[in-house]
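sharing a sequence plus its predicted fold:
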Amino acid sequence: MGMASLKQKDAYLEKIRNIGIIAHIDAGKTTTTERILFYTGLTHKIGNVDEGNTQMDWMVQEQERGITITSAATTCYWGDFQINLIDTPGHVDFTVEVERALRVLDGAVGVFCGVGGVEPQSETVWRQADKYRVPRIAYVNKMDRVGASFSTVIQSMKEKLNAQPIALQLPIGSEDGFVGCIDLIDEKALIWGDDETGVAYRVESIPQEMMEEARLAREQMIESLANGDEALANEFLEGRTILRDDIIAAIRRQCLGLKCIPVLCGASFKNRGVQPLLDAVVRYLPSPLDVPPVVGHGLETASEPLVRKASLSEPLSALAFKIMSDPFVGQLAFVRVYSGSLEKGTAVQNVGKKKKEKIARLLKVHANHREDVSSIEAGRIGAVSGLKFTTTGDTLADFDQQILLESIAFPDPVISVAIEPKTQADQDKLTEALEKLAVEDPSFRMSLNEETGQMLISGMGELHLEVVVDRLLREFKVNASVGRPQVSYREAISTEARVNYRYEKVMAGKGVFAHVILKVGPGERSSGVVFESRAKATDIPDSFLGSIEEGVREAANSGVLTGAAIMDIGISLEGGSFHEVDSSETAFRVAAGLAFREAILKANPLLLEPVMSLEVVLPEEHMSQVIGDLNGRRGRVLGLEERAGNKVLKGEVPLSEMFGYATALRSVSQGRATFAMQPSHYEAVPSNISKQLIGNTTL
């Protein structure tokens, strides 16, 4: 097949947009997504979060709580563009869902509340998108709400997100009088009238009273674009008329280059502003051809980079980014195909696990509805049922041209609860159900406390575990009792220590010998466990270094105070010795672990607790009560600011003190305050509390 034919086959890629909807909780992501589904013809009735009848929040737990818990994927069409859309959660407990969505998406729409602006979780998801270098457009929603301000949100984006927002629209009217927007590129007014569905809107001349404001805003838009675009800058400086197509091309170039964030506005609940948002998605966000080719590694040499372009002519490369149990088709693996094509009835290699997987069934997904397809081509997102070994982050590839793509990193859980089956019959069901949930959700863990014999489940917060327990009861029909939440503590050291440890034994008539000199010291915050060897090869051969590091890292999983994992520590192998006959990898692994524990005991170990970053939005008259309650929880106030007529209190507070905070906050503020919380860092537990915890053998 000639190059022209291959290019022709790949032409469909220009018309694909893989995008995510990201935002703080309650900014209107799911409402906006529901409107997108309606206007693209995928649904015939607009779903509403408040009524619990949305397409994307299809889990009963989502509908009851009015929040998004799991990333829902769907495919819709706007004109001749195919949009693969993922609606991600906004609650911090489910941030892992955002992480894995952004890993496989090409672009994103950041939804901001016109009143709240850039809220805490907005910052978190924005940083996640920065990490994966995902081009974005911004949509300022809820412009019909009291206190909404388009310009304030844009200023907030500059200050809090370090972004370069460029307004492509101006709102017409405010609060209840918000009726539409001015399109600064086409210099037209878009007015939504009495049609409740918002399908019909009028394109009119800009209202006379807004002409000057629109002229200045358009000039500012072009000037901002010219600052980052040489082609446009020349036109601008020479005073030429900037053509519409030149503006659009410049916005697209800068958006794809992460130099600017095009900003639009609307009121999704009132069905105003969504169609121009869809136009902007296909106009400015990248196709699979606009993002860099995916890079992975071969199996022979870890440092050998391999590149796969978005093309049908390339060998298959696909990443499984989500696993979910489906009551009708069994376990589903959501995949992003980067190159080649995944074909029904073929076999592929799970590269990391070195396992053969058969592709029994391929599906195009709309929320919780499924449609069988024969293939999923490069650039597309779909689902595979029947995979036996594949879990989140695994690579699927051709047998003869294997590539290992970078997996997805997930945070460690911060909270645990004990769970016990009520009857013997529930015991097996519980274990099976927990294993399925752990495969679906990499931020959820299960473990057995060997001292108490209790099963512990761990997650990212109270709501996370509440949803897990709810699913156990309803979905898996398991009756279980749940204990009080337990915080995931960590251990660290406060001083340096050095240990000279000799391990000598006679086992089954044979000598066992290993000698290590270890030095430990406090590490940087969030550095984890860092190991290095300074030992001479004449003292300890290189062949034993891997076993020594393994022994140290195994020992670091269980500290000396409560058995919690040790973090932020530097370990150096300073020296030692070996015996030609009696030394072995096992001997050095055991010796390293025992030496490490001895060193920790000498290095003044201390207990660490997770500290949360807290933001409370409240009326000023309740400030003293809220601060008083926070002080009683060992919290500290870091700052206060104004937002839409309310006070915003920012602080830090230990997670262990925050159980039941939602109820307490409602009580002290007469239900008028709201809060958002997310993990910040670990810090030392006060000595009086630490003594209690160390004496508590159930930890």
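Here it is on my side, so go on.

now the strands for the stretch 501-650 of the chain?
For the stretch 501-650 of the chain, the strands defined by DSSP state E, counting those that start in this stretch cover 510-522, 529-533, 569-577, 605-618, 636-643, 646-654.

should've said the stretch 351-500 of the chain
Going by DSSP E, counting those that start in this stretch, the stretch 351-500 of the chain shows strands at 355-358, 361-366, 369-373, 375-377, 381-385, 395-397, 404-405, 415-421, 445-448, 455-459, 480-482, 486-487, 490-493, 497-507.

repeat for the stretch 201-350 of the chain
Using DSSP E, counting those that start in this stretch, strands in the stretch 201-350 of the chain cover 201-204, 261-265, 294-297, 305-308, 317-326, 330-339, 341-343, 347-350.

for the ones you listed, which one sits closest to L105?
Smallest distance to L105 across those (CB to CB): 8.1 Å, for strand 330-339. For every residue, glycine as well, the C-beta is placed using N, CA and C.

and the closest one, what does it pack onto?
For strand 330-339, the packing partners by 3 or more CB pairs under 8 Å, 6 or more residues apart in numbering; DSSP states H and E come out as strand 317-326, strand 361-366, strand 375-377, strand 381-385.

quick one: mean pLDDT over it.
Strand 330-339 carries an average pLDDT of 87.

direction included, what does it pair against?
Note on strand 330-339: by DSSP bridges, its sheet partners are strand 317-326 (antiparallel), strand 381-385 (antiparallel).

right, so of these, which gets closest to V616?
Taking these one by one with CB to CB, strand 317-326 is closest: 32.8 Å.

grab the most central residue of this structure for me.
E99 (2.3 Å; CA atoms, centre = their mean).

neighbours of the residue nearest to it when sequence neighbours are not counted, how many?
In space, and not counting its chain neighbours, E99 is closest to Q128: 5.9 Å by CB to CB, 6 or more residues apart in numbering. By other CB atoms under 10 Å, 19 other residues sit near Q128.

mind checking the SS state of Q128?
helix (DSSP: H, G, I helix; E, B strand; the rest coil).

isn't it up against R103?
No. Applying CB atoms under 8 Å, one finds Q128 not in contact with R103, separated by 9.2 Å.

show residues contacting stretch 179-197.
Residues external to stretch 179-197 that are found in contact with it (CB atoms under 8 Å, 6 or more residues apart in numbering): 38, 46, 167-173, 198, 200-207, 210, 214, 217-218, 221, 244, 247-248, 264-266, 270-273, 276.

give me the PyMOL select line for those, limited to the buried ones.
Selection of buried members from the contacts of stretch 179-197 for PyMOL, criterion 16 or more other CB atoms under 10 Å:
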select buried, resi 38+46+167+168+169+170+171+172+198+201+206+210+214+217+218+221+247+248+264+265+266+270+271+272+273+276
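
where in the stretch 151-300 of the chain is pLDDT low?
300 (pLDDT under 70).

show me the contacts for V648.
Contacts for V648 (CB under 8 Å, 6+ apart) come out as E615, V616, V617, L640, E641, E642.

and it, what's its pLDDT?
89.

any idea how far it lies from V637?
11 Å (CB to CB, to the nearest Å).

measure stretch 481-494 end to end?
39 Å (CA to CA, to the nearest Å).

residue ranges for the strands of the stretch 1-150 of the chain, please.
With DSSP E, counting those that start in this stretch, the ranges of strands along the stretch 1-150 of the chain come out as 16-22, 72-78, 81-87, 107-113, 136-141.

now mean neighbour count too, for those, in TSV please.
Formatted as TSV, these follow (neighbours: other CB atoms under 10 Å):
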stretch	mean neighbour count
strand 16-22	26
strand 72-78	21
strand 81-87	23
strand 107-113	26
strand 136-141	28
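
same list, those strands, but as TSV with distance to E549 and mean pLDDT please.
Listed next are these as TSV, based on distance: least, CB to CB, whole Å; pLDDT from 0 to 100:
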stretch	distance to E549	mean pLDDT
strand 16-22	38	89
strand 72-78	40	78
strand 81-87	39	84
strand 107-113	39	92
strand 136-141	40	96
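
tell me which of the ones you listed lies nearest to T423.
Closest among the strands of the stretch 1-150 of the chain, using CB to CB: strand 72-78, at 34.4 Å.

and the residue sitting furthest away from the middle of the chain, what pLDDT?
Distance to the chain centre peaks in the chain at G509, reaching 54.8 Å (criterion: CA atoms, centre = their mean). Per-residue confidence at G509 stands at 82 (pLDDT).

from S583, how far off is it?
On the measure of CB to CB, G509 and S583 end up 17 Å apart.

same question, P207
Taken as CB to CB, the span from P207 to S583 is 86 Å.

could you do G177 as well?
Counting by CB to CB - G177 and S583 are separated by 82 Å.

those two: which has the busier surroundings?
S583 (23 against 9).

I'd say that one and F544 touch.
Yes. Counting by CB under 8 Å, S583 does reach F544; the two are 7.1 Å apart.

list residues touching both of these two?
Joint contacts of S583 and F544 (CB under 8 Å, 6+ apart) are A514.

what's the end-to-end length of stretch 172-188?
One end of stretch 172-188 sits 11 Å from the other (CA to CA).

who's L614 bridged to?
Beta-bridge pairing for L614 (DSSP bridges): G651, M677.

what's the burial count for it?
L614 has 24 nearby residues by other CB under 10 Å.

what residues are up against it?
Taking CB under 8 Å, 6+ apart, we find L614 in contact with L630, G635, L649, K650, G651, E652, V653, M658, F675, A676, M677.

just the buried ones from those?
Buried members of these, counted by 16+ other CB under 10 Å: L630, G635, L649, G651, E652, V653, M658, F675, A676, M677.

between those, which is closest to L463?
Using CB to CB, the buried ones among the contacts of L614 come closest to L463 at M677, 10.4 Å.

and the gap between the closest one and S151?
Distance from M677 to S151, counting by CB to CB: 29 Å.

now render the strands of the stretch 501-650 of the chain as TSV, adding distance to L456.
Listed next are the strands of the stretch 501-650 of the chain as TSV, based on distance: least, CB to CB, whole Å:
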stretch	distance to L456
strand 510-522	28
strand 529-533	22
strand 569-577	24
strand 605-618	16
strand 636-643	30
strand 646-654	20
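
would you mind saying which of the ones you listed lies nearest D394?
Proximity to D394 (CB to CB) singles out strand 529-533 among the strands of the stretch 501-650 of the chain, at 25.3 Å.

how near is G266 to V337?
Relative to V337, G266 is positioned 32 Å away (CB to CB).

dihedrals phi and psi, the residue farthest from the centre of the chain?
Per-residue torsions, G509: phi 80, psi 10 (degrees, to the nearest 10).

could you number the chain from 37 rather than 1 from now on?
From this message on, residue numbering opens at 37, which makes the last subject G545.

what is the neighbour count of the closest residue to I529 other than its chain neighbours?
Spatially, and ignoring its direct neighbours in sequence, I529 is nearest to A639 (3.8 Å; CB to CB, 6+ apart). The burial count assigned to A639 is 22, neighbours taken as other CB under 10 Å.

let me know the pLDDT of A639.
Taking A639 on its own, its pLDDT is 96.

residue contacts, the closest residue to V318 other than its chain neighbours?
Residue nearest to V318 in three dimensions, not counting chain neighbours: F117, with 4.4 Å by CB to CB, 6+ apart. Counting by CB under 8 Å, 6+ apart, F117 touches K51, I52, R53, V318.
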